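>>> sequence and predicted structure, then a few things I'm wondering about:
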Amino acid sequence: QRSAASAAAAAALVAGEPFAPPAGVPLEVLRRIVIELVPHSAYSQVWTSEGTNARWKLSIWAADQLVSGFLRVTALRLSLGDYANKGFTDVRGGGNGGVGKRLILQVRDKRWAASAGDSATTEEFLRSVADHYCPPPVKF
């Protein structure tokens with residue numbers, strides 16, 4: 001479900017205007033959060049052409065394990081879609097069986113240490129930033 005803030009952010013993008021910072025995320029927190037493209041290697045199989053009498057062996061894979069961190073959430077990875085492979089095996093990083101190098105969008109807190117009490121708020125801030133700058137599609 002899209003929030004009003006996500007809808008406003010999407011409208012600003014279409015209009016070519018700069019984004020306002022997400023509501024509820026303090027500026028000092030926003031300064032230490034980065035959005036980056038990173039390699040990803042955890043995928044689960046969605047579909048294969050096995051048993052369909054297709055000419056070629058094909059498979060479709062979806063990104064898996066999208067939350068990372070030890071003792072606290074430090075990064076959220078955003079799936080931008082599924083990946084196609086030639087064959088039935090997962091080639092993880094891409095290569096000649098896949099679509100080349102597989103990258104995924106990540107929202108990450110640059111801090112390397114935080115207190116245990118910070119854990120829940122860090123995840124909330126990461127989700128707020130992800131929802132604000134990368135709102136879900138209106139429809140498919």
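Now that the structure is in, tell me what you want to look at. Residues are numbered from 1 along each chain as shown.
>>> centroid-nearest residue for the chain?
In the chain, the residue lying closest to the centroid (C-alpha atoms, centre = their mean) is residue 78, at 0.9 Å.
>>> contacts only, for that one.
By C-beta atoms under 8 Å, 6 or more residues apart in numbering, the contact set of residue 78 is 66, 104-107, 130, 134. Any C-beta I mention is one placed from the backbone N, CA and C, and that applies to glycine too.
>>> what's the burial count for the residue nearest to residue 111 when sequence neighbours are not counted?
Spatial nearest neighbour of residue 111, chain neighbours left out: residue 32 (5.8 Å); criterion: C-beta to C-beta, 6 or more residues apart in numbering. Using other C-beta atoms under 10 Å, the number of residues around residue 32 comes to 12.
>>> my read: residue 32 touches residue 108, true?
No: look at residue 32 against residue 108 with C-beta atoms under 8 Å: they stay out of range, at 9.2 Å.
>>> from residue 87, how far off is the residue of the chain most remote from its centre?
In the chain, the residue that sits farthest from the middle, by C-alpha atoms, centre = their mean, is residue 53; the gap is 33.9 Å. Using C-beta to C-beta, to the nearest Å, residue 53 is found at 16 Å from residue 87.
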